[in-house]
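Trainee: pasting a predicted model and its sequence here:
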Amino acid sequence: MRQTGNGPELGRRIGTYHAVGVAGALGQAALRTITLLVLVMIAALVWIRPNSTLLKCSVAAAVVVVLFGLRLAWRLVTARRGGNQCRLHQGGVAVTGPFGGIRGAVAWREVTGLRRMSTASLLMAFHRVELERRGGPPLTFIALGLEPALVEVLVKLAARNGLE
C-alpha cells in the first residue's frame, strides 16, 4: 500500500520514532569510520612528531569538526522536513524518507510476518526490521542504537495485531 497523506486509513497515530534506510545506516557507519581513522592519524602524528605536526593535527581536527557540522546540519534539515521517521498508527506503519515523504506504508491486516535482525559493533549498533506483506515487497527500515524504543513498541503492536 503506497500512500501520500498522513494515513487516514491507518488510523490514529500512536508514536513517531527515528528510522533510516540502508543509505542512512551506511552513511553513519562511514562517518564513524572516517572519524576513527582521523583520530588514529592525530594520535600517530603526536607520537611520531614529524615537521609541522601542529599544522597536520589542525587539518585532521578540522576534518572531524566539518564532518560533525555536516551531520548536525543534515539532522536539522531532516527533522524540519519530518524525514527518517517510522510513524506507528493503530492500523499500520508508515516510513518516511529523508525529506519527509512517505517511503512506504503497510496496514496491519496486510502484514504476514515481522523479521528483525540486530547487530552491535565498535562502529555501529542497529536493528533491521522487515514487515512482510501480502502481495508486495516487504517494508524495510533500520532503527539505530543498541535498544531503540521503536523495536519494543513495534513488537508489542505486532503481537496485538496477531503476529508472533
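Mentor: Perfect, thanks for sending it.

Trainee: can you tell me the element the closest residue to Ala158 other than its chain neighbours falls in?
Mentor: In space, and not counting its chain neighbours, Ala158 is closest to Leu114: 4.7 Å by Cβ to Cβ, 6 or more residues apart in numbering. In short, each C-beta sits where N, CA and C put it, glycine included. In the assignment (DSSP states H and E), Leu114 maps to strand 111-120.

Trainee: by contact count, what packs against that strand?
Mentor: Helices and strands touching strand 111-120, by 3 or more Cβ pairs under 8 Å, 6 or more residues apart in numbering; DSSP states H and E, are strand 125-133, helix 149-160.

Trainee: ok, now with 10 Å
Mentor: On a contact count with 3 or more Cβ pairs under 10 Å, 6 or more residues apart in numbering; DSSP states H and E, strand 111-120 meets strand 125-133, strand 136-144, helix 149-160.

Trainee: now the ones you listed in JSON lines, with distance to Gly82 and mean pLDDT?
Mentor: Converted to JSON lines, the helices and strands packed on strand 111-120 look like this (distance: least, Cβ to Cβ, whole Å; pLDDT from 0 to 100):
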{"stretch": "strand 125-133", "distance to Gly82": "19", "mean pLDDT": "94"}
{"stretch": "strand 136-144", "distance to Gly82": "15", "mean pLDDT": "93"}
{"stretch": "helix 149-160", "distance to Gly82": "16", "mean pLDDT": "92"}
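
Trainee: among these, which is nearest Leu72?
Mentor: Proximity to Leu72 (Cβ to Cβ) singles out strand 136-144 among those, at 16.0 Å.

Trainee: what residues sit buried inside that closest one?
Mentor: Neighbour counts over strand 136-144 (16 or more other Cβ atoms under 10 Å) mark Pro138, Leu139, Thr140, Phe141, Ile142, Ala143, Leu144 as buried.

Trainee: what number of residues lie near the closest residue to the fifth one other than its chain neighbours?
Mentor: What it means is Ile142. Spatial nearest neighbour of Ile142, excluding adjacent residues (Cβ to Cβ, 6+ apart): Ala25 at 4.7 Å. When neighbours are defined as other Cβ atoms under 10 Å, Ala25 has 18 of them.

Trainee: going forward, the N-terminal residue is numbered 25.
Mentor: Got it, the first residue is 25 from now on, which makes the last one we talked about Ala49.

Trainee: so Ala49 is in contact with Val153, correct?
Mentor: No. The criterion here is Cβ atoms under 10 Å, and Ala49 misses it with Val153 at 12.0 Å.

Trainee: so what sits against both of the two?
Mentor: Ala43, Phe165, Ile166, Ala167 (Cβ atoms under 10 Å, 6 or more residues apart in numbering).
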